[in-house]
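Asks: build me a model from this:
(2 chains)
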Amino acid sequence: MFEAFKTVTSKTLVLPAANIDTDQIIPARFLTVTSRDGLGKHAFNDWRYDESGNETDHLLNAETSKQCQILVGGHNFGCGSSREHAPWSLTDYGFRVVISSEIADIFKSNSLKNGLLPIVIEKAAHQWLLDHPYEEVTVDLDACEVRLPKNGGTYKFEVDSFSRHCLLQGVDEMGYLAAQGDAIEKFENSKV
Amino acid sequence: MPKTLFDKVWDCHVVVAETPEHPATLYIGLHLIHEVTSPQAFTVLRERGLKVRRPDRTLATIDHSTPTLINADGSRPFVTEQAGKQVAMLLANTEEHGIETHGWESENRGIVHVMGPELGATQPGMTIVCGDSHTSTHGAFGAIAFGIGTTQVGHVLANQCILMRKPKTMAIHVDGELSEGVTAKDVILAIIAEIGVGGGTGYALEYRGEAFERMSMDERMTVCNMSIEAGARCGMIAPDQTTIDYLAGKKFAPDNYEAAAADWLSLATDDGAKFDKEVRMRAEDMRPMVTYGTHPGHAMPIDGLIPSSSDEADIKALEYMGVTAGTHITGEKVDRVFIGSCTNSRMDDLRAAATVMKGRKVVDGLIAIVVPGSEQIKKMAEAEGLHDVFTAAGAQWREPGCSMCIAMNGDKAAPGELVVSTSNRNFAGRQGPGARTVLASPATAAAAAVTGVITDPRTLGPNKLEEAA
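Replies: Numbers count the residues shown, from 1 in each chain, chains lettered A, B, ... in the order given. A predicted model of the protein is given here:
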């Protein structure tokens, strides 16, 4: 489905606003697509382009930003609509990790299924990241650690163990569910 | 052991139990589909040679990308060719897999969360999913109903199951009686303002107490619809006689209705059942609400002052909206009014809006559109003459669909316009780049249309739909 998640060491791109919703991440008019591809150029579209379609001076348009694989968002990142187009656009842009002090439920679930690791990290670490944009940070999913440079410290994070396993192996849940076919059939037969 | 409504429904649907190593496998009683979040899921099935496991537990409609106007020649003015292709793809996919679909020719076509209950497909005690976060609407019937992403849509199509860890439970108690002019929409906005847009994250909500017991099903759906705006995956109200009366005679209502109804009544939370968190609010304290900022938690009583905050995000929100802390929001000029969406497009909502608009006129220069939630509602509203009330006032009466809520079908606001909207999200630019959204009840939206400014509908004086004898 997607490649196995390897340890990521990358500069961070910081979007500090709280409550960044999925309408900001990918506006609704881009949801008429029928494939998953090519949404990276529309990630945060209305922050990055003006009414005429010209690039603004938003950080996301900077060449240096395009190398960042780690996105740090303000509290309650990814709230709002369940559109999976949101993580699709972020991974197509180049992100592999999203870090915040809180990440909305459906966005978190969608991200885990698309090779985008959502990390909810403790406030002190989050604040450090917000205060130190574009620093090289390491995200180690095996050890469940975020390692900050410049004496920022090392912080553990929690990820659902099953999702962690799928990410590390690069396997998706469809196969796992299909393998439960017998149990599903038994369940169906038991409900007259 | 006493159980909550949520526990009872959850436990009935566990195929494989949750362990620390893996989530539960949860069976899905009803899978609702629409055109936006399904195409990639059907593609995955095609690529892997998979069939839809239970077409008989799957129901489709077209609603998000569909135009709400019809051309003179009967064709539909899709906003882009791609939108038309997306709708065509839904119809082709569901036909291929034998899924009941309410498309253009169906008299039951509608917004997915309006259609399900209308058909009686939504029932107490079910697990219901859809690739749409407002799936929480169906919780009004005592179902566990939640939004999923496109990948999970594929999982459910192929396996009729989803992998999920059990959320925590939160009870929201609202006892007492709502004051005159305070509606279900105002109640849920008050709740979100109270617990915050992240307050429900990780929780399944249950709305308990007199205030909800007194509500009609339409009103309960409005409340449950916006559970997701508090961050909650789902929100439920226990089934009771109101629920039973609503579902009786509907297309998918169970054959042995009395027995089913008795079962449904037993789902209510047991005395002594424990919730992980409880919130208590009083109906008497609630007032008509509007949002003033850029998320649903930025909600305030309409007759209050716009709250001030030192939080940078809040300050930016006020800047975007062009409003000032410490001032009244009433009197702000309104450019557009949208009455519709899965939150407020049902008969109760249309009647409420029509009551305010009867005999009054939409102010010059203001565009008001009224979008019924389904073909059924359109028909019923026309039978009651509501559409005449709207058009006589100068509002537009449209075809059913999601329309300006998500603004992906061409119905949208121009940059800078202030829209009073009965929908569920006021995110910056959602109703069009640069558009400013104020969320409100149908009565409040109608009041804005006929005065041209944000207006407390209670100040407009009594109005009746029927002519005085």
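Asks: surely A:Val120 meets A:Ala104?
Replies: No - with contacts counted by CB atoms under 8 Å, A:Val120 stays clear of A:Ala104, the gap being 10.5 Å. No exception for glycine: its C-beta is placed from N, CA and C like everyone else's.
Asks: all the strands of chain A, residue numbers only.
Replies: Taking DSSP state E as the test, the strands found in chain A are A:8-15, A:70-73, A:97-100, A:117-120, A:136-140, A:145-148, A:153-156.
Asks: report all helices and strands that the last one contacts.
Replies: Applying 3 or more CB pairs under 8 Å, 6 or more residues apart in numbering or on different chains; DSSP states H and E, one finds that strand A:153-156 contacts helix A:123-131, strand A:145-148.
Asks: now do the shortest one, average pLDDT.
Replies: What it means is strand A:145-148. Averaged across strand A:145-148, pLDDT comes to 97.
Asks: and that strand, what other elements does it pack with?
Replies: helix A:123-131, strand A:136-140, strand A:153-156.
Asks: just checking: what are the partner strands of the last one?
Replies: Within its sheet, strand A:153-156 is paired with strand A:145-148 (antiparallel), according to DSSP bridges.
Asks: need the residues that contact the partner strand.
Replies: A:99, A:119, A:121, A:125, A:128-129, A:132, A:135, A:137-140, A:154-157 (CB atoms under 8 Å, 6 or more residues apart in numbering or on different chains).
Asks: now swap in stretch B:1-21 and tell me
Replies: Outside stretch B:1-21, the residues that touch it by CB under 8 Å, 6+ apart are A:161-162, A:180, A:183-184, A:187, B:22, B:24-29, B:125-127, B:142-144, B:161, B:165-166, B:169, B:171, B:204, B:206, B:236, B:238, B:267-275.
Asks: tell me which residues in it are buried?
Replies: The neighbour-count check on stretch B:1-21 (16 or more other CB atoms under 10 Å in any protein chain shown) flags B:3-10, B:12-13, B:15-16, B:18 as buried.
Asks: quick check: which of the strands of chain A is buried the most?
Replies: Of all the strands of chain A, strand A:70-73 has the most neighbours on average by mean count of other CB atoms under 10 Å in any protein chain shown, namely a mean of 26.
Asks: how far does it sit from the chain's center?
Replies: Strand A:70-73 has its C-alpha centroid displaced from the chain centroid by 8 Å (CA atoms, centre = their mean, to the nearest Å).
Asks: and for stretch B:120-133?
Replies: 13 Å.
Asks: report how many residues lie close to B:Gln123.
Replies: Counted with other CB atoms under 10 Å in any protein chain shown, the neighbours of B:Gln123 add up to 24.
Asks: ramachandran angles for it?
Replies: Dihedral angles of B:Gln123 (phi, psi; degrees, to the nearest 10) stand at phi -140, psi 160.
Asks: wait, doesn't A:Ser89 sit right on A:Leu39?
Replies: Yes - between A:Ser89 and A:Leu39 a contact is recorded at 3.8 Å, counting by CB under 8 Å.
Asks: list the residues that contact both of those two?
Replies: Shared contacts of A:Ser89 and A:Leu39, counting by CB under 8 Å, 6+ apart, come down to A:Ile26, A:Phe30.
Asks: okay, and the beta partners of B:Asp175?
Replies: Beta-bridge partners, per DSSP bridges, of B:Asp175: B:Arg282.
Asks: look up how far B:Ala211 lies from it.
Replies: Computed as CB to CB, to the nearest Å, the B:Asp175 to B:Ala211 distance reads 7 Å.
Asks: what touches both of these two?
Replies: In contact with both B:Asp175 and B:Ala211: B:Ala283, using CB under 8 Å, 6+ apart.
Asks: tally of neighbours for residue 35?
Replies: Let's take chain A. Counted with other CB under 10 Å, A:Ser35 comes out at 10.
Asks: actually, chain B is the one I wanted.
Replies: For B:Glu35, the count of nearby residues is 29 (other CB under 10 Å).
Asks: surely B:Val223 touches B:Ala230?
Replies: No - counting by CB under 8 Å, B:Val223 stays clear of B:Ala230, with 10.9 Å between them.
Asks: what do the two both touch?
Replies: Residues touching both B:Val223 and B:Ala230 by CB under 8 Å, 6+ apart: B:Ile191.
Asks: ok, and what's touching the longest helix along chain B?
Replies: Longest helix in chain B by number of residues, with DSSP state H as the criterion: helix B:81-97. Applying CB under 8 Å, 6+ apart, the external contacts of helix B:81-97 come out as A:32-34, B:33-36, B:38-39, B:42, B:51-52, B:55, B:58, B:60, B:62, B:65-66, B:76, B:78, B:99-101, B:103, B:157, B:408-410.
Asks: again, only using 7 Å
Replies: A:32, A:34, B:33-36, B:38-39, B:42, B:52, B:55, B:60, B:62, B:65-66, B:78, B:101, B:103, B:409 (CB atoms under 7 Å, 6 or more residues apart in numbering or on different chains).
Asks: name the residues of that helix that are buried.
Replies: By neighbour count on 16+ other CB under 10 Å, the buried set for helix B:81-97 is B:Ala83, B:Gly84, B:Lys85, B:Gln86, B:Val87, B:Met89, B:Leu90, B:Asn93, B:Thr94, B:His97.
Asks: in a markdown table, list those residues along with pLDDT and distance to B:Ala414.
Replies: Formatted as a markdown table, these follow (pLDDT from 0 to 100; distance: CB to CB, whole Å):
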| residue | pLDDT | distance to B:Ala414 |
| --- | --- | --- |
| B:Ala83 | 97 | 20 |
| B:Gly84 | 97 | 24 |
| B:Lys85 | 97 | 26 |
| B:Gln86 | 97 | 24 |
| B:Val87 | 97 | 25 |
| B:Met89 | 97 | 30 |
| B:Leu90 | 98 | 29 |
| B:Asn93 | 98 | 35 |
| B:Thr94 | 98 | 35 |
| B:His97 | 98 | 40 |
